[in-house]
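Novice: Got a predicted model here, sequence first, then my questions.
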Amino acid sequence: MKTPSAVKAVIGTIFVVAGVIWSIMFPKTAEVFRPDFVASVAIAMGLILPGIVILFFKKLRALPTVLSILLFWSLLLNVVLISWAKTAVKVVQEIAQENSSITTE
């Protein structure tokens, strides 16, 4: 089932505007690979890029479009999870170093 072009234009515009507002309003940090920064960028990209796809591709069907957007969001979630895992490893290493220095004293 094909969706009317006016509906696609409205949905695509909502996605793009929400992504731009999110990227402007979310506070950015100085460190690029902190999990909150990576999550913010992932959310903005997860809103802007599907909106652009919906706006500029003429022949879109609902099911493949939704599945493609979900696949893209899954990719972005994996990037965020990797960032959280790297931060968790750093924290565990710091705690282990602190504990080893305390036990040797």
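Specialist: Structure received.
Novice: what's the distance between residue 93 and residue 62?
Specialist: Separation of residue 93 from residue 62 (C-beta to C-beta, to the nearest Å): 47 Å. Using the backbone N, CA and C atoms, a C-beta is placed for each residue, glycine as well.
Novice: And residue 90, by the same measure?
Specialist: Applying C-beta to C-beta, the value for residue 90 to residue 62 is 43 Å.
Novice: Same question for residue 39.
Specialist: Taken as C-beta to C-beta, the span from residue 39 to residue 62 is 28 Å.
Novice: Between those two, point out the one with more neighbours.
Specialist: residue 39 (18 against 11; other C-beta atoms under 10 Å).
Novice: residues in contact with the nearest residue in space to that one that is not next to it in sequence?
Specialist: Leaving aside its sequence neighbours, residue 39 sits nearest to residue 80 (C-beta to C-beta, 6 or more residues apart in numbering; 4.9 Å). By C-beta atoms under 8 Å, 6 or more residues apart in numbering, the residues touching residue 80 are 35, 38-39, 42.
Novice: Who wins on neighbours among the residues you listed?
Specialist: residue 38 (21 neighbours).
Novice: so that one touches residue 81, yeah?
Specialist: No - Residue 38 is beyond contact range of residue 81, at 9.6 Å (criterion: C-beta atoms under 8 Å).
Novice: Of all the helix elements in this protein, which one is longest?
Specialist: In the chain, taking DSSP state H as the definition, the longest helix is helix 62-104.
Novice: Let me see the mean pLDDT of it.
Specialist: Per-residue pLDDT values across helix 62-104 average out to 86.
Novice: Over to stretch 45-59?
Specialist: The model assigns stretch 45-59 a mean pLDDT of 85.
Novice: And it, what's buried?
Specialist: By 16 or more other C-beta atoms under 10 Å, the buried positions in stretch 45-59 come out as 45-51, 53-54.
Novice: Just the CA trace of stretch 56-76, in PDB.
Specialist: What follows is stretch 56-76, C-alpha atoms only, in PDB (Å, rounded to 0.1, in the frame of the first residue of the first chain):
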ATOM      1  CA  PHE A  56      13.300  12.600  -1.100                       C
ATOM      2  CA  PHE A  57      12.600   9.100  -2.300                       C
ATOM      3  CA  LYS A  58       9.500   9.000  -4.500                       C
ATOM      4  CA  LYS A  59       8.600   5.300  -4.600                       C
ATOM      5  CA  LEU A  60       8.500   4.100  -1.000                       C
ATOM      6  CA  ARG A  61       6.300   1.400   0.400                       C
ATOM      7  CA  ALA A  62       5.400   1.400   4.000                       C
ATOM      8  CA  LEU A  63       6.800  -2.000   5.200                       C
ATOM      9  CA  PRO A  64      10.300  -1.800   3.600                       C
ATOM     10  CA  THR A  65      10.600   1.800   4.700                       C
ATOM     11  CA  VAL A  66       9.700   1.000   8.300                       C
ATOM     12  CA  LEU A  67      12.000  -2.000   8.400                       C
ATOM     13  CA  SER A  68      14.900   0.000   6.900                       C
ATOM     14  CA  ILE A  69      14.400   2.700   9.500                       C
ATOM     15  CA  LEU A  70      14.300   0.100  12.300                       C
ATOM     16  CA  LEU A  71      17.500  -1.500  10.900                       C
ATOM     17  CA  PHE A  72      19.200   1.900  10.900                       C
ATOM     18  CA  TRP A  73      18.100   2.600  14.500                       C
ATOM     19  CA  SER A  74      19.400  -0.800  15.500                       C
ATOM     20  CA  LEU A  75      22.800   0.100  14.000                       C
ATOM     21  CA  LEU A  76      22.800   3.400  16.000                       C
END
